[in-house]
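have a look; sequence and predicted model below, questions after that.
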Amino acid sequence: MAPGFIDLHDHWQTPSGYRFAALDGVTTSLELEGGAWPVTQWYLDREGKSLINYGATVSHGRARAEVIQGTGTLDQALTAQDTIVFRNPWAYQRATAEQITQLQSLISRGIEEGGLGIGFGLAYTPGAGRDEIYQLFQTGAAYGVTSFVHVRHAALSVNSGSIDAAQEVIADAAATGASLHIVHVTSTGLSDTPVVLAMIEGARKRGVNVTTELYPYEAASTGIQAAIFDPGWQDKLGVNEDAILYVPTGERLTPESFAKYRKVGGNVVIFVIPKDAMYAAMKTPGVMIASDGVEIVNNTGHPRGAGTFARVLGRFVREEQILPLMDALGRMTILPARQLEGYSPAMKVKGRLKVGADADITVFDPATVIDNATFEKPEQASSGILFVLVNGVPVVRDGRALETAMPGLGIKGSGRRLSTP
């Protein structure tokens, strides 16, 4: 028996996504990288309808679209992952000083509505200048919330690569006093992951509040129209089109099919993460586990949305003995809770088993727990997750999801401003 797993990075914020998360032992699923906008409506859309607990940051990308493109009031609350059109002008346009001020105002509003920090997808907003990001880190620092960041580059370039991207946000955190969480360190660090991990540890030793996470796979996933596939991507990533699987058809791409589907859009899986990088992150103390789950449709997609946590426990704890069991559980429970509990009161009673804590509980068999989701057939629930309780209500019994009750609650931040930026 363990505290329910807390996933800091899950884009699959739908009933089917929550079901697969519960079957993987997750009791709290949070959209902290992409975030949501408008925040209040996003929470209202899920109230009383969620199998597990849910929450989101304020989306920098969606707020940026609002300011630069003038989208106006949205009919429904959406995440950046739901709505981003990767090559829209708002993503490439640099914000003026006035627009940055407007952005700070919108971000502040979202935090005051309960947003769990600020979510940045810098790789998807190449027009966002360093001045813009620095000033929004100032906003985050004023509220004492964390900035959850997909860094600007995943690249092997000498002076505009993964190391430079990490340096940017670590410097912003150091200069503003903001807390920083770098998402999926392996898929942005690539072969430079060990250096990025050393930078994070060095910053932490010198008083900068910076953390990171990984998902336990050697492939990433994104949209084929994402800015990371702008011309020159092959040299930056060190792979070619045959490393890309086009999710809608399941085919590996050629230069011709890549060009064709780039015009159409759709998700891809890209086999770009070195195995050594994944192991380096997994062996580094304090690196959390998070799925970066994206929607699986018609048994196509990335298996991380269905099998991340059981994969760690089955393959990397039991079979390969990369991690001790208690260390792995800490990365899924208490460490994510501590990441948020300074400004989210609800997280003070998550991620632990003790009198007074919420009854978010995962019961698994360490001898049989395993992921079943594969790249060929990702829509397969994990095995060995026997019982899951959310706020004291069973949502998984004998390895089967129970969907008669919806006990999941919204996890929010306090929204209190601590200082003037």
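Looks like it came in fine. In this text the structure is predicted, and so the values were computed from the model without any measurement.

give the closest residue to Ile411 in space, chain neighbours not counted.
With sequence-adjacent residues excluded and distances taken as Cβ to Cβ, 6 or more residues apart in numbering, Ile411 is closest to Gly55, at 3.5 Å. All C-beta atoms are positioned from the backbone trio N, CA, C, and that covers glycine.

the one you found belongs to a strand?
Yes: secondary structure of Gly55 (DSSP: H, G, I helix; E, B strand; the rest coil): part of a strand.

pull the distance from the strand ranked longest in the chain to the chain's centre.
Counting residues, the longest strand in the chain under DSSP state E turns out to be strand 26-37. Mean-position distance between strand 26-37 and its chain equals 7 Å (Cα atoms, centre = their mean, to the nearest Å).

ok, now stretch 291-306?
Here the centre of stretch 291-306 is set off from its chain's centre by 13 Å, with Cα atoms, centre = their mean.

returning to that earlier point: what residues are up against the residue nearest to Ile411?
By Cβ atoms under 8 Å, 6 or more residues apart in numbering, Gly55 lies in contact with 28, 30-32, 43, 116, 344, 410-412.

check which residues of the helix or strand harbouring Asp276 are buried.
Asp276 is part of helix 275-283 when elements are defined by DSSP states H and E. Within helix 275-283, the residues that count as buried by 16 or more other Cβ atoms under 10 Å are 277-282.

and if you look at stretch 191-202?
Neighbour-count burial for stretch 191-202 flags 191-193, 196-197, 199-200 (criterion: 16+ other Cβ under 10 Å).

next one: stretch 326-343
Quick answer for stretch 326-343 (16+ other Cβ under 10 Å): 328-343.

so how far is it off the chain centroid?
Centroid separation for stretch 326-343 versus its chain: 15 Å, with Cα atoms, centre = their mean.

only alpha carbons, please: show that stretch as CSV.
C-alpha atoms of stretch 326-343 as CSV (Å, rounded to 0.1, in the frame of the first residue of the first chain):
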residue,chain,number,x,y,z
MET,A,326,10.9,3.4,-1.6
ASP,A,327,13.0,5.8,-3.6
ALA,A,328,10.7,5.3,-6.7
LEU,A,329,7.6,5.7,-4.6
GLY,A,330,8.9,9.0,-3.1
ARG,A,331,9.4,10.4,-6.6
MET,A,332,5.7,9.7,-7.4
THR,A,333,4.2,10.8,-4.1
ILE,A,334,5.8,13.0,-1.5
LEU,A,335,8.2,14.8,-3.8
PRO,A,336,5.4,16.1,-6.1
ALA,A,337,3.3,17.0,-3.0
ARG,A,338,6.1,19.0,-1.6
GLN,A,339,6.6,20.7,-4.9
LEU,A,340,3.2,22.4,-4.5
GLU,A,341,2.3,22.4,-0.8
GLY,A,342,3.9,25.7,-0.1
TYR,A,343,1.1,27.5,-2.0
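
so what touches that stretch?
Stretch 326-343 is contacted by residues 2-8, 25, 116-117, 143-146, 181, 211, 285-290, 309, 312-313, 316-317, 323, 347-348, 350-352, 411, 413-414, 416 when judged by Cβ under 8 Å, 6+ apart.

need the buried residues of helix 275-283 in a markdown table (columns: pLDDT).
As requested, the buried residues of helix 275-283 are arranged in a markdown table below (pLDDT from 0 to 100):
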| residue | pLDDT |
| --- | --- |
| Ala277 | 95 |
| Met278 | 96 |
| Tyr279 | 97 |
| Ala280 | 96 |
| Ala281 | 97 |
| Met282 | 96 |
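
quick check, nearest of those residues to Thr300?
Met278 (23.0 Å; Cβ to Cβ).

could you list the low-confidence segments of this protein?
For the chain, residues meeting the criterion pLDDT under 70 lie at 71-87, 421.

tell me the residue furthest from the middle of it?
Glu256 (31.4 Å; Cα atoms, centre = their mean).

for the helix or strand where it lies, which positions count as buried?
Taking DSSP H and E as the criterion, Glu256 maps to helix 255-264. Residues of helix 255-264 classed as buried by neighbour count (16+ other Cβ under 10 Å): 258, 261-262.

identify all contacting residues around the strand or helix carrying Ala142.
In the assignment (DSSP H and E), Ala142 maps to helix 130-143. Helix 130-143 has contacts (Cβ under 8 Å, 6+ apart) with 60, 94-95, 100, 103-104, 107-108, 111, 117-118, 120, 122, 146-147, 168-169, 172-173, 175-180, 343, 413, 415-421.

do you have the strands of the stretch 251-400 of the chain handy? List them.
251-252, 267-270, 288-289, 361-364, 385-390, 393-397, 400-401 (DSSP state E, counting those that start in this stretch).

next, Ala173: phi, psi?
phi -60, psi -40 (degrees, to the nearest 10).

right, I mislabeled it, should have said Ile224
phi -70, psi -20.

helix or strand right after the longest strand of the chain?
Using DSSP H and E, the helix or strand that follows strand 26-37 in sequence is helix 39-46.

only the buried residues of that following helix, if you could.
In terms of neighbour count (16+ other Cβ under 10 Å), helix 39-46 has its buried residues at 39-43, 46.
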